[in-house]
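K.L.:
I'd like to go over a predicted model; first the sequence, then the structure.
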Amino acid sequence: MFDAGRGAIPRIAQKQLPFDSIDPLFVSHLPVDHIGELSDYLITSWLAGRRKPLRVFSPPGTAEVIDQLMGGVYQRDIAFRTEGETAMGPFIGAQVTEIRTGETVDGGKWRVTCDEMRHGHGLPFTERFLSRWICLGFRVEAEGKVFSFSGDGVMSDSLIRLGQGADLHLQCCYLARSDIERNPQGKALAEHTLACSDTAGKIARAAGVKKLVLTHFRATTPEVLREIEADVRQDYAGSLALANDLDDFDV
């Protein structure tokens, strides 16, 4: 699983995936829309029968976040379920491995490599903040195929390297070009923070990806999605899809 943001728990349930055995979890970075349901998943998967620590591979700082959530925010919930409702036994949480650029996780039949993405790094943050703001993308190799995941990365050499020749590349595409051009804030966001329709196709073309799937839209009206698709088509002629919740893609 990659990230555990808004909607992760109900979507897993709707897809009838096994809560107790999804493992490991890769986290791109730590904003609420990427980890907002992480604590819920830890508790829900435990209640569903998970009896091993959930392996989490994620940027530096994740262990601290999970400790604060499970040892502080949800400590009462866990105590109720372990000290009163004792049928589930002791709470089993996460085994966190914090990773940086170039590190590889080998699962035997699959291999995941990470690289650091640019996500807000051109904005006027202090060096102290940026040292704590690590945002990852991932490249998965399995059964002779490659899946790449941009996280929230904007166009960069590391993102193009990550997606090089991917059979399927999942790319953040937050705004349509007209929204970018409408105001200075949109331009700054598209340049520094979230890839948008002015660069998503360029990223895919430069990386030579075989299928591009767009996600992380600000708005999903039919008009906006048609505009995003038309924008991306100016730069990328390969197989293209705009993701919907519950979609499946064969690689």
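P.N.:
Structure received.
K.L.:
and this structure, what are its domains?
P.N.:
1-98, 100-251 (automatic domain parsing).
K.L.:
quick one: Gly208 and Arg161 touch, right?
P.N.:
No. Counting by CB atoms under 8 Å, Gly208 does not reach Arg161; the two are 11.4 Å apart. (C-beta placed from N, C-alpha, C; glycine too.)
K.L.:
which elements pack onto the single longest helix found in the chain?
P.N.:
Secondary structure of the chain per DSSP state H: the longest helix is helix 222-233. If you count contacts as 3 or more CB pairs under 8 Å, 6 or more residues apart in numbering; DSSP states H and E, helix 222-233 packs onto helix 177-182, helix 200-207, strand 211-215, strand 239-242.
K.L.:
compare the ones you listed and give me the one nearest Phe26.
P.N.:
Phe26 lies closest, by CB to CB, to one member of those: strand 211-215, at 15.6 Å.
K.L.:
what strands line up against that closest one, and which way round?
P.N.:
As defined by DSSP bridges, the strand partners of strand 211-215 come to strand 168-172 (parallel), strand 239-242 (parallel).
K.L.:
who touches stretch 147-159?
P.N.:
With CB atoms under 8 Å, 6 or more residues apart in numbering as the contact definition, stretch 147-159 has outside contacts at 2-3, 26, 28-29, 34, 101, 115-119, 135-140, 162-163, 166-172, 190-195, 199, 202-203, 207, 209, 216, 251.
K.L.:
can you redo the helices and strands packed on helix 222-233 as JSON lines with mean neighbour count?
P.N.:
Listed next are the helices and strands packed on helix 222-233 as JSON lines, based on neighbours: other CB atoms under 10 Å:
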{"stretch": "helix 177-182", "mean neighbour count": "16"}
{"stretch": "helix 200-207", "mean neighbour count": "22"}
{"stretch": "strand 211-215", "mean neighbour count": "21"}
{"stretch": "strand 239-242", "mean neighbour count": "16"}
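K.L.:
which one of the ones you listed lies closest to Arg76?
P.N.:
That would be strand 211-215 among the helices and strands packed on helix 222-233, by CB to CB, at 35.0 Å.
K.L.:
ok, back up a step: list the buried residues in the longest helix of the chain.
P.N.:
224-225, 227-229, 231-232 (16 or more other CB atoms under 10 Å).
K.L.:
cool, stretch 50-59 as well?
P.N.:
Neighbour-count burial for stretch 50-59 flags 50, 54, 56-59 (criterion: 16+ other CB under 10 Å).
K.L.:
roughly how far out does it sit from the chain middle?
P.N.:
Distance, stretch centre to chain centre, for stretch 50-59: 16 Å (CA atoms, centre = their mean, to the nearest Å).
K.L.:
got a list of contacts for it?
P.N.:
19-21, 23-30, 41-42, 45, 62, 66, 92-100, 105, 112, 114, 134-136.
K.L.:
for it, what is the average pLDDT?
P.N.:
The pLDDT scores in stretch 50-59 average 97.
K.L.:
same deal with stretch 165-185?
P.N.:
On average, stretch 165-185 scores 95.
K.L.:
cool, stretch 204-217 as well?
P.N.:
98.
K.L.:
for it, measure first residue to last.
P.N.:
17 Å (CA to CA, to the nearest Å).
K.L.:
pick out the most distant pair among the buried residues of helix 222-233.
P.N.:
The widest separation within those (CB to CB) is 12.7 Å, between Val224 and Val232.
K.L.:
how much space separates Gly7 from Asn244?
P.N.:
Distance from Gly7 to Asn244, counting by CB to CB, to the nearest Å: 12 Å.
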